[in-house]
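Undergrad: Okay, here's the prediction I keep looking at, along with the sequence it came from:
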Amino acid sequence: MENSFKLIGDNLNQFLGNTAFLNLTPGHIIMILLGLAFIYFAITRELNPLLLVPVGFGIILGNIPFASGFLLGIFEDGSVMNYLYLGVLKSIYPSLIFLGIGAMTDFSSLIANPKLILIGIAAQLGIFGAFSIAMLFGFSPAHAGAISIIGGGDGITAIFLSAKLAPELISIVAISAFIYMALIPWIQPPIMRLLTTKKERVIKMKPMRVVSKLEKVFFPIIGILLTGFIVPTALPLLGMLFFGNLLKESGVTKKLADTVKGPLIDVVTILIGLTIGASAEAATFLSGTALTIFVLGAFSFLIATIGGVIFVKFMNLFLKDANKINPLIGNAGVAAFPDSARISQTVGMKYDETNFLSMHAMGPNLEGIIGSALAAGIMLTFLY
């Protein structure tokens, strides 16, 4: 009987020693509260809920403390979460996300007005500006490259590049990018108003020409040949983007396109959000380095928005009045698709309710996606 009580007592002590309560630290509590905040704002304010809800829940999941040896943690070889996380580390999830984006995207606005490509390119100044500043802050070239991609406004591209250059920074870089993407409605409009005049804000752009089906079919083929030959390191992203678009525009693979842009991208979004959140463990996330990265991320977003708007103003110096571009679409060069294009429309309608800028803004917005992927490929070429 005494041995039985001792066995029960030992088992009880072992059980209690393995509970999260006895392994909890203040850092874990802070991170769990952060995860709850993500979920709260995603639900109540609808801030990028498709990403922030999985990320928020993942942060909670990754910060419930446990004793080692049970193969539970995302960084423990052989655990379920570790296997799921391989999709991030091996760039599987980012590539599949780009496949889905391509299948749901109409590039007509970019095809109809090719000069809008230049606006998307100009907005990538945020990436290279952040890279320079990160180097000044003492980050290594590889770390600076991973951090700088936040300025592209594309969290998926940020995951792709940081997985290659700085795996230890993936969660910080990705969550920083997701946060600023969600905050675009507050970040961009003040800059757009500050840099434009009332006269510029009411510029009405010429209606876009109708783009033929043949042009739409040829666009992804020409796009992959041009970008692939120039920056082959961007093929995992751009190859999938243009392939997905070809599935959509060919007219004979509708079933495949519907699957890719529907169930597939939904499942991958869940997995990428959940695993990125779970990788944000208190021990690495709550640090001075993380705070510096968040500051640099904000700076890169500002530079990208400023670069896009100012470049449109510069272009207008050389365009006839009938061909002038409304500078309010310059912000859309940031690759947060389609949110930054919506901001162009929202701000523009405050000054002229009959001025519809969204279709025009989609041009630089789509080029921003391509441009950020190209910038990531360039960084990878020089820094990997």
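TA: Noted; the coordinates are in hand. Numbers count the residues shown, from 1 in each chain.
Undergrad: Spell out which residues sit in contact with the residue lying closest to Gly62 once chain neighbours are set aside, please.
TA: Nearest-residue entry for Gly62: Ala278, 3.5 Å, with adjacent residues in sequence omitted and distances by CB to CB, 6 or more residues apart in numbering. Every residue, glycine included, has its C-beta placed from N, CA and C. Taking CB atoms under 8 Å, 6 or more residues apart in numbering, we find Ala278 in contact with 58-59, 61-62, 74, 81, 85.
Undergrad: how about the nearest residue to the residue nearest to the spatial centre of the chain, chain neighbours excluded?
TA: In the chain, the centroid-proximal residue (CA atoms, centre = their mean) is Gly155; its distance is 1.7 Å. Closest residue to Gly155 in three dimensions, ignoring its sequence neighbours and counting by CB to CB, 6+ apart: Ala177, at 3.8 Å.
Undergrad: Okay, the one you found and Pro232: tell me how far apart.
TA: Counting by CB to CB, to the nearest Å, the separation of Ala177 from Pro232 is 24 Å.
Undergrad: Of these two, which one has the most company?
TA: Applying other CB atoms under 10 Å to Ala177 and Pro232 shows that Ala177 carries more neighbours, namely 28 against 14.
Undergrad: Now do whatever helix or strand the more buried one lives in: which elements does it pack against?
TA: Using DSSP states H and E, Ala177 sits within helix 170-182. Counting contacts by 3 or more CB pairs under 8 Å, 6 or more residues apart in numbering; DSSP states H and E, helix 170-182 packs against helix 49-62, helix 155-165, helix 265-278, helix 282-285, helix 288-316.
Undergrad: Just put these in a markdown table and tack on distance to Ser250 and mean pLDDT.
TA: Shown next, in a markdown table, are the helices and strands packed on helix 170-182 (distance: least, CB to CB, whole Å; pLDDT from 0 to 100):
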| stretch | distance to Ser250 | mean pLDDT |
| --- | --- | --- |
| helix 49-62 | 27 | 94 |
| helix 155-165 | 24 | 94 |
| helix 265-278 | 19 | 96 |
| helix 282-285 | 44 | 86 |
| helix 288-316 | 32 | 90 |
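Undergrad: winner for burial among those helices?
TA: Counting by mean count of other CB atoms under 10 Å, helix 155-165 has the highest mean neighbour count of those, with a mean of 27.
Undergrad: related to what we said a few turns ago, can you name the next helix or strand after the helix holding Ala177?
TA: Next along the chain from helix 170-182, counting by DSSP H and E, comes helix 184-195.
Undergrad: which parts of that following helix are buried?
TA: Within helix 184-195, the residues that count as buried by 16 or more other CB atoms under 10 Å are 184, 187-189, 191-193, 195.
Undergrad: what's the angle between it and helix 288-316?
TA: With axes from the mean of the first three to the mean of the last three CA atoms, to 10 degrees defining the directions, helix 184-195 sits at 50 degrees from helix 288-316.
Undergrad: From the contact counts, what lies against the strand or helix carrying Phe38?
TA: Element membership of Phe38, judged by DSSP H and E, is helix 26-44. Applying 3+ CB pairs under 8 Å, 6+ apart, one finds that helix 26-44 contacts helix 49-62, helix 282-285.
Undergrad: what's the burial count for Tyr83?
TA: Look at Tyr83: counted by other CB under 10 Å, it has 12 neighbours.
Undergrad: how much space between it and Ala234?
TA: In terms of CB to CB, Tyr83 sits 27 Å off from Ala234.
Undergrad: now swap in Val53 and tell me
TA: 29 Å.
Undergrad: just to revisit the earlier point, quick one: the contacts of Ala278 as a markdown table, columns for distance to His143 too.
TA: Listed next are the contacts of Ala278 as a markdown table, based on distance: CB to CB, whole Å:
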| residue | distance to His143 |
| --- | --- |
| Gly58 | 23 |
| Ile59 | 22 |
| Leu61 | 26 |
| Gly62 | 22 |
| Ile74 | 21 |
| Met81 | 25 |
| Tyr85 | 20 |
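Undergrad: tell me which of the residues you listed is nearest to Thr19?
TA: Closest approach to Thr19 among the contacts of Ala278 (CB to CB): Leu61, at 16.2 Å.
Undergrad: Which residues are in contact with the closest one?
TA: For Leu61, the contacting residues are 81, 274, 277-278, by CB under 8 Å, 6+ apart.
Undergrad: and with 6 Å instead?
TA: Listed by CB atoms under 6 Å, 6 or more residues apart in numbering, the contact partners of Leu61 are Ala278.
Undergrad: repeat for Ser344
TA: Ser344 neighbours (CB under 6 Å, 6+ apart): 328-329, 332, 357, 361.
Undergrad: ranking those residues by neighbours, who comes first?
TA: Going by other CB under 10 Å, Ala332 tops these with 38 neighbours.
Undergrad: what kind of secondary structure is it in?
TA: Ala332 falls in the helix class when you classify it by DSSP: H, G, I helix; E, B strand; the rest coil.
Undergrad: got it, and Met379?
TA: Under three-state DSSP, Met379 falls in the helix class.
Undergrad: could you pull out the helices for the stretch 1-150 of the chain?
TA: Taking DSSP state H, counting those that start in this stretch, the helices of the stretch 1-150 of the chain run over residues 2-17, 20-23, 26-44, 49-62, 80-89, 92-104, 108-112, 116-122, 125-136, 141-148.
Undergrad: Would you tell me which of the ones you listed gets closest to Arg209?
TA: Going by CB to CB, the one of the helices of the stretch 1-150 of the chain nearest Arg209 is helix 108-112, 5.2 Å.
Undergrad: What is the nearest of the buried residues of helix 184-195 to Val267?
TA: Ile184 (25.5 Å).
Undergrad: mind checking how far the closest one is from Ile39?
TA: Per CB to CB, Ile184 is found 20 Å from Ile39.
Undergrad: which one is Pro49 nearest to, not counting chain neighbours?
TA: Here the residue nearest Pro49, using CB to CB, 6+ apart, is Ala42, at 4.1 Å.
Undergrad: Many thanks, have a good one.
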